[in-house]
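A.B. asks: here's my sequence, what's the structure:
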Amino acid sequence: MGSPLFTSSDLALCPHGGRVVATSHARVLASGVPVVTLFDAGLIAGCPSVAGDRPNPCVSVQWIGVAARVLIDGQPAVVQAGAGICIASDRAPAGPVSVVAGQTRVMVR
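C.D. replies: Sure thing, here's the model as predicted:
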């Protein structure tokens with residue numbers, strides 16, 4: 001079974017509930033929305049994480065779940081399964097991106 005492509009309108013969260021905001025300039029659309037590629041920006045808004053006594057929110061995403069044979073403008077397309085790892089403000093990995101809702105029409109095997 002394949003995994004759906006990840007688009008810039010898919011709802012994804014950091015492990016602490018912050019929302020992933022993905023930007024894509026790809027010309028390829030899935031359900032009318034640009035598909036996110038490996039080198040597109042992924043930022044996190046509203047992460048409430050605290051490390052000890054200081055804030056340490058998730059701030060960005062490192063995309064790791066990419067399609068092996070689907071390239072968009074020469075870059076691998078991000079898939080919903082294992083989409084990425086959240087990076088905290090101290091630059092340490094903070095946990096996986098959790099895709100809550102996304103497009104289901106375009107699948108990659």
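
A.B. asks: from the contact counts, what lies against the worst-scoring helix or strand of the chain on mean pLDDT?
C.D. replies: Taking mean pLDDT, DSSP states H and E as the measure, strand 107-108 is the helix or strand of the chain with the lowest mean score, a mean of 72. Here strand 107-108 touches strand 3-4, strand 66-72, going by 3 or more CB pairs under 8 Å, 6 or more residues apart in numbering; DSSP states H and E. For every residue, glycine as well, the C-beta is placed using N, CA and C.

A.B. asks: let me know which of those is tucked in deepest.
C.D. replies: Per-stretch averages of neighbours, counted by mean count of other CB atoms under 10 Å, single out strand 3-4 among the helices and strands packed on strand 107-108, with a mean of 18.

A.B. asks: what helices or strands is that one leaning on?
C.D. replies: If you count contacts as 3+ CB pairs under 8 Å, 6+ apart, strand 3-4 packs onto strand 107-108.

A.B. asks: which other residues reach the least confident helix or strand of the chain?
C.D. replies: Contacts of strand 107-108 with the rest of the structure, by CB atoms under 8 Å, 6 or more residues apart in numbering, involve 2-5, 67, 69-70, 77, 79.
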